[in-house]
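Chemist: Below is the sequence, then the predicted model.
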Amino acid sequence: MKSTYLIILFIFSAIVFRPSLASEQPLLIFATEPWPPYFGPSLLRQGYMVDVLQSVLNSAGYQVRIDYIGWKRALAQAKKGKYTGIIGLYYTEDREAHFRFSPPLAKSTVCLYQRYSKRNQLMLDDISQYRLGVVTNDTLAKGILDSRGLVATVDASQTVIVDALLSGNLDALVATAEVFEYSLKSHSDQQYRNIQTMSPVLSTHDLFIGFSKTWPGIDHVVSKFEEHYLKLQEQGVIKAIQVLHNIDKQYDVKGRE
């Protein structure tokens, strides 16, 4: 079954990605910050969300360029219409004033992690009593802390946070599960085995492409995106992209094997 979907994707790519036509296609430019496993310049086809975005818009007759810059700058510049949109946006009411949202392309979950110990289970109903860590650029995790009126004891790089947790200087860390676990497994299997996830998850967010309302002709761009996204879904291309990037089920990144 997997080989069938990959054949579909190969045929689609051969038809759509034709260099001879590239100069005739209008260029759309999107901004984001690398965020594996969802997207990043070092990932296969720049990751699942970029692959979907490019495949859909190429099918609609556009060229697509991705600029990887800092997240705050990407968000600010996209709001001003200096970019067609931003990749990996989650919904908030204030963002609706600036962006039109794609169909949800992935899910992201925020979880609480502790050092592995069968005798020391943290209580999730009152995490304010614990020394908490958060990775500096994890905006989703920081949003959860802010919504609960909490301030992290340590706000630092993932390496510093993990070391603090494993040494006992932190009781727990709050992190975007798919991103944290992907990075942790990529760098240290031993560390991964010494950290456990607490249940239930703290929050779940859909991730979207945000199309800037101030980009010229954005209504037409969004209309073509929605039209061709549905078309590629019906043709099995979206499913084939999910298979290629090891997507476990619709909208959900497979982050735990």
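Modeler: The structure has been received and is ready for your questions.
Chemist: make it CA atoms for all contacts and neighbour counts henceforth
Modeler: OK.
Chemist: could you measure residue 247 against residue 159, distance?
Modeler: Remark: distance between residue 247 and residue 159 (CA to CA, to the nearest Å) = 27 Å.
Chemist: of these two, who's got more company?
Modeler: Per other CA atoms under 10 Å, whichever of residue 247 and residue 159 has more neighbours is residue 247, with 18 against 11.
Chemist: Specify the beta-bridge partners of the more buried one.
Modeler: Applying DSSP bridges to residue 247 gives these bridge partners: residue 253.
Chemist: Quick check: the gap between it and residue 131.
Modeler: Taking CA to CA, one finds residue 247 at 34 Å from residue 131.
Chemist: How about residue 84?
Modeler: Residue 84 is 41 Å from residue 131, by CA to CA.
Chemist: Check residue 117 too.
Modeler: 16 Å.
Chemist: got the CA coordinates for the helix or strand containing residue 221 in PDB?
Modeler: Using DSSP states H and E, residue 221 sits within helix 218-235. Coordinates of each C-alpha in helix 218-235 appear next as PDB, following Å, rounded to 0.1, in the frame of the first residue of the first chain:
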ATOM      1  CA  ILE A 218      -4.600  36.900  -1.600                       C
ATOM      2  CA  ASP A 219      -8.300  36.000  -2.100                       C
ATOM      3  CA  HIS A 220      -7.500  34.500  -5.400                       C
ATOM      4  CA  VAL A 221      -4.400  32.700  -4.000                       C
ATOM      5  CA  VAL A 222      -6.500  31.200  -1.100                       C
ATOM      6  CA  SER A 223      -9.300  30.200  -3.500                       C
ATOM      7  CA  LYS A 224      -6.800  28.300  -5.700                       C
ATOM      8  CA  PHE A 225      -5.100  26.700  -2.700                       C
ATOM      9  CA  GLU A 226      -8.400  25.400  -1.400                       C
ATOM     10  CA  GLU A 227      -9.500  24.200  -4.800                       C
ATOM     11  CA  HIS A 228      -6.300  22.300  -5.500                       C
ATOM     12  CA  TYR A 229      -5.900  21.000  -2.000                       C
ATOM     13  CA  LEU A 230      -9.300  19.200  -2.400                       C
ATOM     14  CA  LYS A 231      -8.300  18.100  -5.800                       C
ATOM     15  CA  LEU A 232      -5.000  16.500  -4.600                       C
ATOM     16  CA  GLN A 233      -6.900  14.900  -1.700                       C
ATOM     17  CA  GLU A 234      -9.300  13.200  -4.100                       C
ATOM     18  CA  GLN A 235      -6.300  12.100  -6.300                       C
END
